[in-house]
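A.B. asks: prediction below, plus the sequence it came from.
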Amino acid sequence: MLTSLPAVAGAQNVSQGRIDVVQVNGLIDPANAALIHSSIRDAQRSHSEVVVFQLDASGAVDVDVNGLLHDVMTSTVPVTVWVGPSGGRARGAAALLARTAAFAAVAPGAHLGPVDPIRYDDTSFKVNMPLKDVTAKASTLLEFIGLLDGRPLQTAAGTVQPSTIKVRELNGRQVREPKGEVHFRKLGLVAQLAHTLDTPWVAYFLFVVGLALIVFEFFSVGVGVAGFVGAIALIGACFGFSHLPVAPWAVVLLLLGLFGMSIDVQAGSLGPWTFIGAGSLVAGSVWLYGGSSRLDPSWWVIALVVAGTVVFMLSGMTAMVRSRFSTPTIGREELIGEMGLAEADVDPDGVVRIRDALWRARTNRATPIHAGDSVRVVSIEGVVLEVEPETGGARDHRERRRGS
C-alpha cells in the first residue's frame, strides 16, 4: 500500500481534484507552445490537482522559451514532467522544461538531455537560472502519478502535497489507481496539421515534391490535378519553412536542381544541366537546415527524395513529354500548309494542335500567336513546327528578299 511522505512545514494540503495529462511530442513549435500554455492556464482555472506533461520532444523553434518557463514557474498548480514512455527523449527546450518543473522523472529506456541548444533557430539562446537534477524513475504514467502522491511540490502559491492515488480491493488484492479524474490532452486536428508541417523532413519533402509536380504540370500544358496538388504541397512546405531555420541559399539550390533538370527534359536529351541539377538538389537537401543540426533530414530520407526526383525527371517526365508530343504516323512534310489551333501562346515558342496531335511550335514572326488562334504550318525543323497566324502574319526577311 502506498505511504505518503510526511507533510513539510508550511505545506498546503490540496483537495482531491482532477489530474491533467498533456502529451507533447516532437519540436516545441508554436503549436506545442500554445498547447503547453493553454494546459497550464486551464489547469489553474479548473483548480486541478496537478499537471503532468508527458514529453517525447526536443528543442524549440520560433517560440518564446522564456514565456514557457514563466508559465511553469508562476503556476499555482504543480507542473510536473514525465519523460516517456521507453524510447522517448527530452532534449533542448523539452529538457529545460523537465529540469525546471516542480518534479520530473524519466522512464527506463528514455533519455533526458542535453539542454543545449535550447532553440534550433537561435543557438546562442541561454537561460541563466539553476536547473534541477532529475534522478527519479517511473516505468509507466500510473507509476509516475503514484510518485506524486503526498510529495511536497513547489508552486507560485506555496508548497502543496497532491493526493493522486487511492488503493482499493479487487479480487482479494490491492489495486492502485488515480484518485481523481484523469484528463488527457493533446494537439487538436488543426494544430496537429500545423505541427506536422513544422516537422523538418516533412517540409523538405513537400517542397521538392511540390516543385516536381509544378514542373510536370508545366510540361503537360494546362492546369490539372498535378498542378493543384503541387501548389498545395508548396504552400504546406512554405508554412513549415516559416517556422524553421532554413538557409535561403539552400532553397535556391533546390530550385536550381529542378530547373536544371527541366532544361534537359525540354531538350529531350541527357546533358550537363542534368548533372548540375542533381548536384544542386543534393547540396540543397544536405544544407537546408545548416548541415549539422538535429533538424536535418536523415540521410536515407535525402537519398530517397533525391533519387526519386532524378528518376522522375529523367524517366517519367521524358516519357510523358514523348507521349504528350507524339504524332500520328504520317509524313511530316505533309503537314506544311496544314491549319491547326494554338494550345498555348506561341511567342516565340509554344504548343499547337495539328490533326489531333500536339506539336512544339515556333514563330519567327513579329506578331505573337495567342492560345486558341488558328495557325498555319509553314515549315518543319526537326520535331518543331514553324507556324504563322492564319491571317495578318508579318513578312520576314526571306519573303522581303524574294519580293525584291
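C.D. replies: Okay, I see it.
A.B. asks: find the least confident helix or strand in this structure, judged by mean pLDDT.
C.D. replies: Lowest by mean pLDDT, DSSP states H and E among the helices and strands of the chain is strand 12-13, with a mean of 42.
A.B. asks: state the distance from the residue lying closest to Leu254 once chain neighbours are set aside to Trp300.
C.D. replies: Closest residue to Leu254 apart from its sequence neighbours, by Cβ to Cβ, 6 or more residues apart in numbering: Gly284 at 3.9 Å. No exception for glycine: its C-beta is placed from N, CA and C like everyone else's. Counting by Cβ to Cβ, to the nearest Å, the gap from Gly284 to Trp300 is 17 Å.
A.B. asks: more neighbours, those two?
C.D. replies: Higher neighbour count among Gly284 and Trp300: Gly284, with 25 against 8, using other Cβ atoms under 10 Å.
A.B. asks: what ranges do the helices span in the stretch 51-200 of the chain?
C.D. replies: Under the criterion DSSP state H, counting those that start in this stretch, the stretch 51-200 of the chain carries helices at the ranges 65-73, 93-100, 141-148, 189-197, 200-220.
A.B. asks: Pro108 is nearest to which of those helices?
C.D. replies: helix 141-148 (10.5 Å; Cβ to Cβ).
A.B. asks: check which residues of the closest one are buried.
C.D. replies: Leu141, Phe144, Ile145, Gly146, Leu147, Leu148 (16 or more other Cβ atoms under 10 Å).
A.B. asks: rewinding a little: which element is the residue nearest to Leu254 on?
C.D. replies: Secondary structure from DSSP states H and E places Gly284 in helix 272-286.
A.B. asks: need the residues that contact that helix.
C.D. replies: If you take Cβ atoms under 8 Å, 6 or more residues apart in numbering as the criterion, helix 272-286 is touched by 204, 208, 250-254, 256-264, 296-297, 302, 305-306, 309-310, 313-314.
A.B. asks: so which of those residues belong to helices?
C.D. replies: If you go by DSSP state H, the contacts of helix 272-286 have 204, 208, 250-254, 256-264, 302, 305-306, 309-310 in helices.
A.B. asks: buried stuff in the host helix or strand of Cys238?
C.D. replies: Using DSSP H and E, Cys238 maps to helix 225-243. Using 16+ other Cβ under 10 Å as the test for burial, helix 225-243 gives 226-227, 229-230, 233-234, 236-241, 243.
A.B. asks: with stretch 173-189 instead?
C.D. replies: Per 16+ other Cβ under 10 Å, stretch 173-189 contains these buried residues: Arg176, Pro178, Lys179, Gly180, Val182, His183, Arg185, Leu187.
A.B. asks: and the last one, its phi and psi?
C.D. replies: Put plainly, it is Leu187. Per-residue torsions, Leu187: phi -60, psi 140 (degrees, to the nearest 10).
A.B. asks: do the fourth one as well
C.D. replies: Gly180 adopts backbone torsions of phi -100, psi 180, taken as degrees, to the nearest 10.
A.B. asks: OK, contacts around it?
C.D. replies: Gly180 touches Gln16, Gly17, Arg18, Ile19, Glu49, Thr164, counting by Cβ under 8 Å, 6+ apart.
A.B. asks: report the separation between it and Val209.
C.D. replies: From Gly180 over to Val209 (counting by Cβ to Cβ), the distance is 47 Å.
A.B. asks: now swap in the last one and tell me
C.D. replies: Counting by Cβ to Cβ, the gap between Leu187 and Val209 amounts to 24 Å.
A.B. asks: and if you look at Ile354?
C.D. replies: Separation of Ile354 from Val209 (Cβ to Cβ) stands at 34 Å.
A.B. asks: ok, back up a step: next, give me the two most distant ones among the buried residues of stretch 173-189.
C.D. replies: Pairwise distances across those peak at 29.7 Å for Arg176 and Leu187 (criterion: Cβ to Cβ).
A.B. asks: look at Glu388 and report its pLDDT.
C.D. replies: Glu388 carries a pLDDT score of 87 in this model.
A.B. asks: what's across from it in the sheet?
C.D. replies: Beta bridges link Glu388 to Arg376, judged by DSSP bridges.
A.B. asks: tell me which residues touch it, please.
C.D. replies: Contacts here follow Cβ under 8 Å, 6+ apart; on that basis Glu388 touches Thr363, Arg365, Ile369, Val375, Arg376, Val378.
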